[in-house]
Structures are given as C-alpha cells and as structure tokens.
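In: Just the structure for this:
(4 chains)
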Protein chains: 4
Amino acid sequence: MNADENKMDRCVDSCLTCYRVCVKTAMSHCLEEGGDHVQPHHFRLMMGCAEMCRTAAHAMLVGVENHKFICGACAVLCDDCASSCEALDGMADCARTCRECADICEGMAA
Amino acid sequence: MNADENKMDRCVDSCLTCYRVCVKTAMSHCLEEGGDHVQPHHFRLMMGCAEMCRTAAHAMLVGVENHKFICGACAVLCDDCASSCEALDGMADCARTCRECADICEGMAA
Amino acid sequence: MNADENKMDRCVDSCLTCYRVCVKTAMSHCLEEGGDHVQPHHFRLMMGCAEMCRTAAHAMLVGVENHKFICGACAVLCDDCASSCEALDGMADCARTCRECADICEGMAA
Amino acid sequence: MNADENKMDRCVDSCLTCYRVCVKTAMSHCLEEGGDHVQPHHFRLMMGCAEMCRTAAHAMLVGVENHKFICGACAVLCDDCASSCEALDGMADCARTCRECADICEGMAA
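Out: Numbering: from 1, shown residues only, chains lettered A, B, ... in the order given. This is a model prediction of the structure:
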C-alpha cells in the first residue's frame, strides 16, 4: 500500500470502529439506562452516526472517487454525536471514538 | 404531514427508488452485458451511489437533524453516476432516476 | 417479468416497506412515547427487523441464488417484531406490516 | 464479558472482516481482472456475502434474540462464496476468510 491507501485504510478502520461502538452502546447502555439516554435527539444521533460511519467505510472499500463528500458528511454526524454523548453519564468511550472518527474523516474530506 | 414532512417523504421515496434501480441494473444488466458495463470506474459509481441513496433515506427515516449534509453528498454521487450511465447503452432509465434523485437531494441539502 | 420474477419483486416491495415502517415507527412513535416503547427487548426487535428486511431486499436485488435462507431468517424476525408490536399502543400498522412481510418471506423461503 | 459475550464478539469480528475483504476484493481485484472474476454468478455471491456478513454483525451488535437464524443464513452465503472464490486466481485470501466466517457463524447458529 502507498501513503494514500494507508490513510484510507486507517479511515475505514476508524469508521467501522465508530459504527460498532455507537450501535453497541445505543442498544445496550442507552436502552438499559433509559431516561436521557433514550431521549429522541440523542438516540437519533447515535443511530444516524452509526449508519453514516458504516457507509463512509463502504464507500472507501468500494473505491468511489468522490468519497470525500461522504467523509465530510460523516465528520459532521460524528461531531454532533460526540457532543451529545459528552452530556450523558457512561458515554465517554463513545464520545471519544466519535471525536476521533470525526477528525480522521475531516482529514479525508479536505 | 406538514409541508416539510411531505418534502422529506418524497426524498426518501426518491432515494429508495434510486437505490433499487442502481443495484438491480448493476447486478443484472451490467454484469450480463460485461465490457464497458463492468469497467471499474462505472461499476464503483453504481454501487457507491446505491449505498449512498440507501443511507440518505435511512438518515431521514431516523430523523437525524443534519441530514442535509448527507443529502448533499448523495446528490454528488447521483450526478456522478448519472453521467457514467449516460455514456453506456441500455442505461437511460438508471441515468434518469439518478438525475432526478440528485435534484431532489440537492433541494433537501439547500 | 415472468412469474418467479414477479413474486420476487413483490417480496422486495414488502421488505422495503417493512424496513421503512419499522425504522420510522421506532425513531418517531417509540422514542417519543418512551416507557414500554423503548424497552430493550422491543426496541432491539424493531431495529433488527428493519435491518433484516433491508438486507433481504438487497439480496434479492443482487440476485443471490440462496436468498431463500435470508428470506427465511427475515420471516422469523418479522414475526417476532409483529408479536412485540401487538402488545403495545399505537403499533397496529407496524404489526400488520411485519406480519404481511413475514408471510411473503416465508413464501420465498419455501 | 462472559463466555457467550466473548463468543458473539468473535463472531462480530469475523463477520466484519469477511464483509470488508469481500467488498474490497470484488471492487478492486475482481473488477480489475475482469473475465471470470466479473461473471454474474461469482460477483453476485461476493456482494451478497458481503451484505449478509455486515447484517449478521449488525444483528449481534443490536442484540436481537433470534440472531442464530441470521447467522445460519450467513454461514450458507459464506460457504457459497468461498467455493466460488476457490475456483478463481488470486482469491485464496478471500476464500479462506469466507470459510472461517462460515464456520464461526455455524457455531453461533447451532
């Protein structure tokens, strides 16, 4: 792999990790905690961020030329989700994973 | 439904139709024709556009606030895919569906 | 289209409708109602059924030969989800959509 | 994590790896080689297997109770894809990944 392929491969890693953490956290921690953790704004962000990360990874694996627009949209969702997680108990790992993925996706989108 | 919900519902319709036409056309017409129809640039666009349309629909069904960024990325992919389809035989329906979806997604992204 | 293609096309219709109704209902009605509607068992079924329906449709659009196994698994999830919906207020449409999709998927799986 | 959670976590790992290898191999090696590598039967299996693996992982992350039916369908697709890969040049890694995923999914489905 060359430098560009390595960079993209790390972005795929980050997106699949963020997808996995968001789905798992929403479907176990958030549903079991209830209350603010299942408040519509927060829960929609968790599921929307997970879907967007999964698709950004897919677009890079497929090799679509304009994946930078997809990575740009993914960075927005990841940042929104991180902010929402930071306001809740027991979501620090998810918040950090989203913030890292946002940074890496912004790097791909630039 | 109010006017905004109607607009979003039509965009979900358009994205799911475009997803369906792209996957079906790629996996039947393109694979059976071979030649230019399975040229990497074209085929990657078909699969990337299908995935992005499916996810734009999903984001709107989930109700993510910043879906406009996702719809914006979807419009780019749909336009790219339409242009690629227009250069090939037997792809007029797919090209038109992609172009319509691009227009509707641009309207959501604005 | 011949009879087999028509049958499969109707199954794709049913799966995409069920996917759409499950995601929309979970993310609007269930999250807004709260209480039993976001109880983990029910909510996981809603999201699992939605995903399985989306993928059964995808497998048929792709034209995978052994799609009957996927449709069989989809029928199980749709029936589980319908039963869970029937026990809650305001979920009659979702329950009926899941039950119809289960029947059509069972027909494809046979 | 207890023993059951560890087993499921390994199955999620295996499914996401198989998804990733199938999409990447289809969209780079197969499209670039052409010929038998884009023959409809083979290519549909590659894309169908990838989708099924991604969804089996999703169902386990969501925590759907009847995920064993989804893992069972995934094992069938992975075995079919492995056999198709074994008949082609340069697909040994993909074939092995599919065969391993089939075994692990069969273990979850039992």
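
In: residue ranges with poor pLDDT in chain A?
Out: Within chain A, not a single segment meets pLDDT under 70.

In: So which residues on it come close to chain C?
Out: Contact residues, chain A versus chain C (C-beta under 8 Å from any C-beta of the partner chain): A:27, A:31-32, A:34, A:38-40, A:43-44, A:47. Placement of C-beta: from N, CA and C, glycine included.

In: Now flag whichever of these is closest to B:Met60.
Out: Distance to B:Met60 across those (C-beta to C-beta) is lowest for A:Arg44, with 10.9 Å.

In: buried ones in the helix or strand the closest one falls within?
Out: Secondary structure assigned from DSSP states H and E places A:Arg44 in helix A:40-62. Of the residues in helix A:40-62, A:42-62 count as buried by neighbour count, 16 or more other C-beta atoms under 10 Å in any protein chain shown.

In: immediately after that helix, which helix or strand?
Out: helix A:67-86.

In: how about the residues of chain A that lie near chain B?
Out: Residues of chain A lying near chain B (C-beta under 8 Å from any C-beta): A:40-41, A:44-45, A:47-48, A:51-52, A:54-55, A:58-59, A:62-67, A:69-70, A:72-73, A:76-77, A:80.

In: rerun that using 6 Å as the cut-off
Out: Residues of chain A that fall close to chain B, judged by C-beta under 6 Å from any C-beta of the partner chain: A:44, A:47-48, A:51, A:55, A:58-59, A:62-64, A:66, A:69-70, A:73, A:76, A:80.

In: Quick check: the two most widely separated of the residues you listed?
Out: Top of the distance list for the residues of chain A next to chain B (C-beta to C-beta): A:Arg44 and A:Gly63, 30.2 Å.

In: tell me the phi and psi of A:Gly90?
Out: Dihedral pair for A:Gly90: phi 70, psi 20, per degrees, to the nearest 10.

In: ok, how many other residues are close to it?
Out: 12 (other C-beta atoms under 10 Å in any protein chain shown).

In: cool, A:Lys24 as well?
Out: For A:Lys24, the number of neighbouring residues by other C-beta under 10 Å comes to 19.

In: what do you get for A:Glu33?
Out: Applying other C-beta under 10 Å, we find 14 other residues in the vicinity of A:Glu33.

In: For it, which non-adjacent residue is closest in space?
Out: In this structure, A:Glu33 finds its nearest non-sequential neighbour in A:Gly90, 7.1 Å apart by C-beta to C-beta, 6 or more residues apart in numbering or on different chains.

In: ok, that neighbour to A:Gly34 distance?
Out: Counting by C-beta to C-beta, to the nearest Å, the gap from A:Gly90 to A:Gly34 is 12 Å.

In: Ok, A:Ala102 next?
Out: Taken as C-beta to C-beta, the span from A:Ala102 to A:Gly34 is 27 Å.

In: Of those two, which one has the most company?
Out: Ranked by neighbour count (other C-beta under 10 Å), A:Ala102 and A:Gly34 place A:Ala102 first, with 23 against 14.

In: for the closest residue to the more buried one other than its chain neighbours, what are its contacts?
Out: Distances taken as C-beta to C-beta, 6+ apart put A:Cys78 closest to A:Ala102, at 3.7 Å, once the chain neighbours are dropped. Contacts for A:Cys78 (C-beta atoms under 6 Å, 6 or more residues apart in numbering or on different chains) come out as A:49, A:98, A:101-102.

In: With A:Val23 instead?
Out: A:50, D:61.

In: what about A:Thr25, helix or strand, and which?
Out: Applying DSSP H and E as the criterion places A:Thr25 in helix A:3-25.

In: how about that helix: buried residues?
Out: A:8, A:11-12, A:14-25.

In: one step back: and the helix holding A:Arg44, what does it pack onto?
Out: The contact analysis (3 or more C-beta pairs under 6 Å, 6 or more residues apart in numbering or on different chains; DSSP states H and E) places helix A:40-62 against helix A:3-25, helix A:67-86, helix B:40-62.

In: Same question for the shortest one: list its buried residues.
Out: Read it as helix A:67-86. Residues of helix A:67-86 classed as buried: A:67-82, A:84-85 (neighbour count, 16+ other C-beta under 10 Å).

In: now the angle between helix B:67-86 and that helix, please.
Out: Calculated by axes from the mean of the first three to the mean of the last three C-alpha atoms, to 10 degrees, helix A:67-86 forms an angle of 160 degrees with helix B:67-86.

In: any idea which helix or strand comes after helix A:67-86?
Out: Next element after helix A:67-86 (DSSP H and E): helix A:92-109.

In: next one: the first one
Out: Downstream of helix A:3-25, the next assigned helix or strand under DSSP H and E is helix A:31-33.

In: Distance from that next one to the middle of the chain?
Out: 20 Å (C-alpha atoms, centre = their mean, to the nearest Å).

In: Other residues contacting stretch A:8-20?
Out: So stretch A:8-20 is contacted by A:50, A:53-54, A:56-57, A:60, A:97-98, A:101, A:104, A:108 (C-beta under 6 Å, 6+ apart).

In: how about that stretch as CSV, C-alpha atoms only?
Out: The C-alpha trace of stretch A:8-20 is given here as CSV (Å, rounded to 0.1, in the frame of the first residue of the first chain):
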residue,chain,number,x,y,z
MET,A,8,-7.8,5.5,3.6
ASP,A,9,-7.3,2.1,5.3
ARG,A,10,-7.0,3.9,8.7
CYS,A,11,-10.1,5.9,7.9
VAL,A,12,-12.0,2.7,7.1
ASP,A,13,-10.8,1.2,10.5
SER,A,14,-11.9,4.3,12.3
CYS,A,15,-15.4,4.4,10.7
LEU,A,16,-16.0,0.7,11.3
THR,A,17,-14.9,1.1,15.0
CYS,A,18,-17.1,4.1,15.5
TYR,A,19,-20.1,2.3,13.8
ARG,A,20,-19.6,-0.7,16.1
